[in-house]
Structure formats: structure tokens, C-alpha cells
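[1] turn this into a model:
(2 chains)
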2 protein chains.
Amino acid sequence: MHLSRGFKQLERVDDALSSFLGLLKKKELDSEVVHIEESINRVLAEDVISDADVPPFDRAAMDGYAVRAEDTYGASPSAPVVFRLIGSVHPGKKPDLKIGKLEAVWITTGSYLPDGADAVVMAEDAKRLGDEVEIYTSVPPWKNVDRAGEDIRKGDVILRKGTFLGPYEIAALCSINLSRVKVYRRVKVGIIATGDELIEVGDIITAGKVVNSSAPMIKLLMRDLPVEVKYYGIVRDETSHLLPILEKSIAENDLVLTIAGTSVGDKDLLFKAIEQAGGRIVVHGVTQMPGRPTLLAISPDGKPIIGLPGYPVATAISFMNFALPVIERIAGIEGERFVPMVRAKVASRIPSKPGVRHYARVKLKRADGEIIASPVRVSGAGIISSLKDGDGLLVIPEEVEGVEKGSYADVIVIKRYLRW
Amino acid sequence: MHLSRGFKQLERVDDALSSFLGLLKKKELDSEVVHIEESINRVLAEDVISDADVPPFDRAAMDGYAVRAEDTYGASPSAPVVFRLIGSVHPGKKPDLKIGKLEAVWITTGSYLPDGADAVVMAEDAKRLGDEVEIYTSVPPWKNVDRAGEDIRKGDVILRKGTFLGPYEIAALCSINLSRVKVYRRVKVGIIATGDELIEVGDIITAGKVVNSSAPMIKLLMRDLPVEVKYYGIVRDETSHLLPILEKSIAENDLVLTIAGTSVGDKDLLFKAIEQAGGRIVVHGVTQMPGRPTLLAISPDGKPIIGLPGYPVATAISFMNFALPVIERIAGIEGERFVPMVRAKVASRIPSKPGVRHYARVKLKRADGEIIASPVRVSGAGIISSLKDGDGLLVIPEEVEGVEKGSYADVIVIKRYLRW
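    Got it, this is the predicted structure:
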């Protein structure tokens, strides 16, 4: 009886994700215009074409003397060419002087190359003598000059639609003096926590209660994503309570994440609520450990609902494997997320079931020029300590049955700072 | 004349950093108490000792029947033991029933284990028959039970002073119901941009001017650090203008970053201003490309001043190599920053000067199960495109003279999403 709606068939993680992504509507989000410095971690909603050259003018790349290159031909330390020094140029404005034959001006890095000049002789290769300067080297045209447009050319597509904007992309947009940029609106993500045993952090704890740590964790894991999170709080383990909040959150968001209520108990909380809301269960149970009781569903109006398991380690891994790619897809991000990994030597055998992808939490240490991964705790989806103490997730693929001591495995690094 | 204060001796990057860090005052920052969900990317100012067990009580790890383990001994599918079903337990409160000999209760995952019980028999290993249940397996004590304190034990130091707080650390702190946490105050960082040629993004650009892209970039590169940034705007290339702002920024901050004005021109802008402010130049010129004209100095009251070169690629690399470690030191972060890297095959020869550490901007591609790194542009510290288009920085160490086509090198990945 209790298992009537069990995990009849666990789906492979990759298959579950790709079939779920395939069901999402291919609808571009609306866009909005934001100030360039507010565009961090947002996604470009259009190709950006430069309407300016960068640099905007030919400029000195070195401190030295601006000259006509041809006048230096044949110059050498033993046969210097003497130029007449007609002035100096500093950054910030177009110089109003013009260089003629055998004339030079002192110019500092970044300054506008004066008319007539087509090269800069480095200060080291010259010697000033009153209002003359001896040049000791021959330079070809455009030597020590940053040419106008050599960085970015007017008319270039400098960033494409779908680009995730980080500090370097934003710096490039600043360089063409783009102060406002068109990005997709944020993805609206609703979060619902379920569980009669839950209280929020800071509430008074009574016997039988535990603190909801998964919802704050998930919110923080989305912090650098282009999302707008709405948290619906803790819902009691009754379909009658969950259903209206589920329906409201579907109406108000692009994606709904629920936490807990996905395992095969006698309540089938989320399962029933989704069915009653007219939604369609796509996947219930995936071949990952922790995180098996993951539920993927589609609302009647085609929005994704992801039922994350409630134990915090399982929540985190299901979030990473399913919620992140769905958010990226809706957000319109082009490209593949770079996952920081290291190749590590396994300190002690870690068992796993074939056909199931295991994520073992490991501590990383350096020894003898290698990185050593020691399991923090091999099982226990409820053990938040394993994420707190672990530096990474050692991935044991479905095809493999355990990893042996001394073998090598890929570890997804989950910490910014390692005490290794 | 123009070179009178040149880079007499370039210092090796690592030596420059370690001698500079050695000069910083070993003074702990003041602390402040913040709400746990606001503590992301902050640094713990004290060891956190748990005043509670997690889980706070023995709880069912599975849906099934809570029993006395000893009563199941000898049970098997062919010789089931019959238990009397005396009730059911659900999450959220301490059950008020007590299990005696050959008694069982239906219990769902996460529920408080009733008095008397010391194990849970999985639902699959039992069959309910009215008010009785047949148990088909023998379980040892504490089977399918999460023991109180098995995750975190009351009295444990769960996180140590100096821990950088990410989502997982915060989730662990939530689990012990810690709603407020003591962290170090943010590091105060002053930023001063210099250059007569600079305008801020969005300002009207006239001939000879370029847009300040380095300051916004640096601000964004600090976004996930425990800092409070104060930007002092663009200062003209005159020591008389820079000096008062430099002194003010030293007084108001823990660290001052200046952008540009560090190269050996006829102005020596920052050099002179620091001397006039009574500061001490520690390093002027380091063996890195781009980013050679980096200046490291100490104010009269012992505060670090880092003169970042002005060209954006050089700014970024000097920021990474010098400003980041200094901020981490002042912030009190324990542990080593994890730098996301890949080992890549070099697509075409990249030259470098021995004795200088080069950072070549590369595109990454996947081919034949390998990662291929192709240089975007080998030189040109002014070329912001190389950071925009590049996926990573290929590091050519000081001991090496160029990397050959087909050889392998480490690449620091600088993008979150790769179109590879």
C-alpha cells in the first residue's frame, strides 16, 4: 500500500534532464534596459554592436618621441639622427601641433598621436639635448602606437545575445561608452518548503522539529544567477495546504522549486498536489545518490516544477543537476557552465551502486604534488556536515561500481577557500 | 632624465607579494553581528560551537515500522515475526506513545523515533494485515535511524574562526538554529582612478579621451569579497591633485587601490604622491606580463597601497596577483583561494621572456577529448577584447621561455560560461 506510487523506474540523471529540458517552452524572456554597472550576472538580450573604435584614436603605447617613422631609417647608436623637439603631448586631448620632417614631440603613454607622426621611439632609444633629440634606432611605421580600433572596431559585434555578463564583458562595454544595456528580465523562481517538522532559523524549536536549512541554502546557491526569488515559506504536509500555494507560485513564477515531500511515503505530498493542479509528472526518481527522490513536472501552462528532496545534501545535488540547468535555459544563457574540478587520488575505497551516479563528499589535501580526496562521509543525505566539512563532490559515474583506494577521480570543488 | 626613477629591478611576483604581505600589520578587524542569511561571503570572527545536537532527536531515516530491534531477530520471509501495530508517527512532534515487546508503529522519514523503539524496518520488508504487521527481516539496533547528534554534536566546534561563509556553511549554521553570527567587519577598500584622458562611462567623449573601464571592472571583481568599496573618481595627472585624495583615501580605508599612473613616465604620478604623503615604496615593477608597472607601497600608518597599472588587462592581472591576496589577508580569511584551472593543449606557439611570468589570454575549445587553448592575442595590455573574448589566462611561468604548439599548460578559467 505504502509503495503504490513508488519509484517504478529510476531515470538516469542525464536522460531525465534532457527530456525535461526538451519539454520546456522555447520562449524568450522579455528584456529590460539596465545601467551597465547593474548588469553583472545578467544576460544580454541582443547583440551589442560597437558604434566606436577602441582605442578611439591612434595613441602612444610607450613614453618616448612621436616622429615620422621614415625619418628614423638608418638611425643607430653610432649614427644617431637628430630631430627638432617641437613640443610635448600628454593624455586627454587632441594635440594641436603637426609633425613635419625631422621633427619630434615628447609623448607619454596613452596620448593622442599628433598629426604627421606615425611612430613612437621609446625614451630609452633617444637622448634629449636642449631643443633637439638624438634618435638611436630606426622604427617602422606604427611602432609603439596603439592603432585606433585595434581593440574594438566600430561596427563589430562585440558581444552576442545570450552572453552572461561578468566583470570583463562589462569592462568591454564600458570601453565603448555603453552606459545602458539591454538584458533579459530576471527568471522568477518560487521556492516552497514543505514539512510539518520544519521551523525557520531563529524560531523556537520544540521536540520533533528541525530547522529548515535547505531553503536558505538554495536561495544562496542562486545568488549569482539572473533570478528573482520569491520564498513562500514552510507549508504543512497536507495536499490541501500545499495545493493553493503551489498554484499561486506557478502563476507568479517561471519556475517553482519545492523542497521535500518528494519521497515515496504514505503521503506523496507533492505528487498529489501536482496532479490536482493539473500538472504532469515527467520524472519521479533519478539514478543519483544522494538525491534519488527528485521529481520533475510540468504545470498545465507549461512551467517547470522541480521537487527537490528535503535532506540538505540531496537538495544541493538535485539543485545542481536539475534546477541550475533549467534556470540557465530559461534565462537564455548561451554556453556551458564551467564547473571547477580537480583530478584527485582517492584515499580510501568509496563504494557505489552500479547504475547510480554517486556524489561522495570529500576533503581535499595536497601531498607529494598530488591532490588527495578523503571521503567525509559516504552516505547520509541528511548530513549537512558533509557539505560544511567537505571541499568537493567526488563523482562516481553510473558505469562504475565504487572507486578504489589509490585510483583517480574527478572532484567538483564546492568551496572558494580550502584549508588543505 | 625621463628614466631617472625607472624599474631598476623588477621583483618576482611571488617574492613581491610575500615581502609585501610580511609588512602588513597583523591586526584583527573588528567584528559585528549579522543575520545568518546576510552572512554570505563574510568571514567568521569566532569559532562557532554548537549548543544543540543535529538531528536534535533520533529519527526515522526511512518510511517503515519502528520496533525494538531485538524483537526482529530471526525474522525472515519464510518465518515472519508478527507485531502488533499500535499507531503511527509523523514528522513535527514527539510522539506520546511507547513501544513495548512485539509492538510496532508506522513511521515516516524524519519522524521522532518513539520511546522504546531502537530501529526501523523498511516498508518493503513488512506487510500490514489489519492491526498487525508481519516483519520479514531482522534488523540490528539503530538500523534506519538517524541518531541524535550524528551530524553535529552539542559542544562541537562546527566552524572555525576565519572561515569564509558560503551557502553550505550557512546551511550548517541554520541547522543549529543560529540566526545571528559574528563576522569581521568588511574590509574598506578605496579606489582612485588617475588619468587626464579618462572619462566615466556615459559621459560625453571628446577627442583624446577614453572611457574608464578599469574602475568598474575592479569594483565587480571584488563583488563576492567581504569588502566595502569607496570610489574616489578620476583624479587628474597632477601630484597636487592626487596627494589630498590619496591621503583622504588612506585615512578612510584599510587598503587603497589606484589605477594607472604607475609607469615610468615623466610624471611618476603615484610614486611622487606616495612619497609626499610620507609613504614607503616597497616594490615598483614586477616580473609579470601584462602588469609589469605594479607599485606596492605602505602608508605612514602602515596601510597597503597598491598601484595597479592602467591598461585593463594589466589592471586585472595585478588585481588578481596582489590586491586579492591583500584583501584576503586583511579580511582574516583562512585557507587558500581555489583557482579554477584546466590543463590545456596549446594550439600555437606562445612566446614569452624567461624570468617573466606571462598571462596569455586564450580561447578554450574541446576537441578529441582534450581542451585546446588558442591565444586570443599574445601581447597588448590595453586590449580589453582579449579578456572579453578569452576564456582563460594561460600561465607561462618565469622559468620557461614560451610554450610550444602541442605542449600542455595550465589555464586559469576566467568565465562562468564557455561557448566552447
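
[2] tell me which helix or strand residue A:327 sits in.
    helix A:324-331 (DSSP states H and E).

[3] and for residue A:240, the neighbour number?
    10 (other C-beta atoms under 10 Å in any protein chain shown). For every residue, glycine as well, the C-beta is placed using N, CA and C.

[4] average model confidence for the host helix or strand of it?
    Per DSSP H and E, residue A:240 falls inside helix A:239-252. For helix A:239-252, mean pLDDT rounds to 96.

[5] check which element follows that helix along the chain.
    strand A:255-259.

[6] tell me which residues in that following strand are buried?
    Residues of strand A:255-259 classed as buried: A:255-259 (neighbour count, 16 or more other C-beta atoms under 10 Å in any protein chain shown).

[7] would you convert these into TSV that also reports pLDDT and distance to chain B?
    Below are the buried residues of strand A:255-259 laid out as TSV (pLDDT from 0 to 100; distance: C-beta to the nearest C-beta, whole Å):
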residue	pLDDT	distance to chain B
A:255	98	18
A:256	98	20
A:257	98	14
A:258	97	16
A:259	95	12
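
[8] off-centre distance for the strand ranked longest in chain A?
    Counting residues, the longest strand found in chain A (DSSP state E) is strand A:357-367. Chain-centre distance of strand A:357-367: 23 Å, with C-alpha atoms, centre = their mean, to the nearest Å.

[9] same deal with stretch A:172-182?
    The answer for stretch A:172-182 is 20 Å, by C-alpha atoms, centre = their mean.

[10] okay, that stretch in PDB with CA atoms only?
    Once non-C-alpha atoms are left out, stretch A:172-182 reads as follows in PDB (Å, rounded to 0.1, in the frame of the first residue of the first chain):
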ATOM      1  CA  ALA A 172      34.500  45.900 -22.600                       C
ATOM      2  CA  LEU A 173      31.000  47.500 -22.800                       C
ATOM      3  CA  CYS A 174      32.300  50.400 -20.700                       C
ATOM      4  CA  SER A 175      35.100  50.900 -23.200                       C
ATOM      5  CA  ILE A 176      32.700  51.700 -26.000                       C
ATOM      6  CA  ASN A 177      30.900  54.100 -23.600                       C
ATOM      7  CA  LEU A 178      27.800  52.000 -23.400                       C
ATOM      8  CA  SER A 179      26.100  53.100 -20.100                       C
ATOM      9  CA  ARG A 180      22.900  51.200 -20.600                       C
ATOM     10  CA  VAL A 181      22.500  47.700 -21.800                       C
ATOM     11  CA  LYS A 182      19.500  45.500 -22.800                       C
END
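
[11] hmm, that stretch in reach of chain B?
    Yes: interface with chain B: stretch A:172-182 contributes A:172, A:174-180 (C-beta under 8 Å from any C-beta of the partner chain).

[12] for burial, what's the neighbour tally of residue A:395?
    Counted with other C-beta under 10 Å, residue A:395 comes out at 18.

[13] related to what we said a few turns ago, for the helix holding residue A:240, list every residue counted as buried.
    Quick answer for helix A:239-252 (16+ other C-beta under 10 Å): A:239, A:242-243, A:245-247, A:249-250.

[14] would you mind listing what in the stretch 1-150 of chain A touches chain B?
    Counting by C-beta under 8 Å from any C-beta, the stretch 1-150 of chain A sits next to chain B at A:1-3, A:36-37, A:40, A:52, A:54-57, A:61, A:63, A:90-95, A:106, A:108-112, A:123-124, A:128, A:146, A:150.

[15] and the gap between the most centrally placed residue in chain A and residue B:191?
    The C-alpha lying nearest the average C-alpha coordinate of chain A belongs to residue A:337 (C-alpha atoms, centre = their mean; 6.4 Å). According to C-beta to C-beta, to the nearest Å, residue A:337 stands 30 Å off from residue B:191.

[16] and residue A:115, by the same measure?
    35 Å.

[17] neighbour-wise, which of the two wins?
    Remark: of residue A:115 and residue B:191, residue B:191 carries more neighbours, 24 against 12, as counted by other C-beta under 10 Å.

[18] now the more buried one: which helix or strand?
    Using DSSP H and E, the element containing residue B:191 is strand B:187-194.

[19] enumerate the positions of stretch A:61-75 that are buried.
    A:61-69, A:71-72, A:75.

[20] measure it end to end?
    21 Å (C-alpha to C-alpha, to the nearest Å).

[21] just the mean pLDDT for it, thanks.
    According to the model, stretch A:61-75 has a mean pLDDT of 95.

[22] and the pLDDT for the closest residue to residue A:153 other than its chain neighbours?
    Computed as C-beta to C-beta, 6 or more residues apart in numbering or on different chains, the closest residue to residue A:153 that is not its neighbour in sequence is residue A:53, at 6.0 Å. pLDDT, residue A:53: 94.

[23] residue A:53: neighbouring residues, count only.
    19.

[24] from what I can see it touches residue A:148, true?
    Yes: the criterion here is C-beta atoms under 8 Å, and residue A:53 meets it with residue A:148 at 4.8 Å.

[25] what's the overlap in contacts for those two?
    When C-beta atoms under 8 Å, 6 or more residues apart in numbering or on different chains defines a contact, no residue borders residue A:53 and residue A:148 alike.

[26] whichever strand or helix holds residue A:394 near chain B anywhere?
    Applying DSSP H and E as the criterion places residue A:394 in strand A:392-396. No: applying C-beta under 8 Å from any C-beta, one finds strand A:392-396 out of contact with chain B, separated by at least 9.2 Å.

[27] direction included, what does that strand pair up with?
    Sheet pairing of strand A:392-396 (DSSP bridges) gives strand A:357-367 (antiparallel), strand A:408-413 (antiparallel).

[28] where does pLDDT dip in chain A?
    Within chain A, the ranges that satisfy pLDDT under 70 run A:1-8, A:263-267, A:377-380.

[29] could you chop it up by domain?
    What the record gives for chain A is the domain set A:13-29+A:187-331, A:31-54+A:150-184, A:59-146, A:341-413, from automatic domain parsing.

[30] on that earlier part again, can you list contacts of the helix holding residue A:240?
    A:188, A:190, A:192, A:194, A:230, A:232, A:235-236, A:256, A:258, A:261, A:269-270, A:272-274, A:276-277, A:279, A:299, A:301, A:303, A:305.

[31] mind doing that once more with 7 Å?
    A:188, A:190, A:192, A:194, A:230, A:232, A:235, A:256, A:269, A:272-273, A:276-277, A:299, A:303, A:305 (C-beta atoms under 7 Å, 6 or more residues apart in numbering or on different chains).

[32] farthest-apart pair in those, please.
    A:188 and A:272 (24.8 Å; C-beta to C-beta).

[33] what's residue A:81 in contact with, if anything?
    A:71-72, A:75, A:135.

[34] phi, psi of it?
    Backbone torsions for residue A:81, taken as degrees, to the nearest 10, come to phi -100, psi 130.

[35] gap between residue A:284 and residue A:275?
    11 Å.

[36] so which of the two has more stuff around it?
    Neighbour totals were compared for residue A:284 and residue A:275, and residue A:284 leads with 26 against 15 (other C-beta under 10 Å).

[37] what's across from that one in the sheet?
    In beta-bridge terms (that is, DSSP bridges), residue A:284 pairs with residue A:295.

[38] CA atoms only: put stretch A:411-420 into PDB for me.
    The C-alpha trace of stretch A:411-420 is given here as PDB (Å, rounded to 0.1, in the frame of the first residue of the first chain):
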ATOM      1  CA  VAL A 411      36.000  16.100  -7.800                       C
ATOM      2  CA  ILE A 412      33.700  19.100  -8.200                       C
ATOM      3  CA  VAL A 413      35.200  21.800  -5.900                       C
ATOM      4  CA  ILE A 414      32.400  23.400  -3.900                       C
ATOM      5  CA  LYS A 415      34.400  25.800  -1.800                       C
ATOM      6  CA  ARG A 416      36.100  29.100  -2.600                       C
ATOM      7  CA  TYR A 417      38.700  28.700   0.100                       C
ATOM      8  CA  LEU A 418      40.400  25.400   1.000                       C
ATOM      9  CA  ARG A 419      42.200  24.600   4.200                       C
ATOM     10  CA  TRP A 420      44.200  21.900   2.500                       C
END
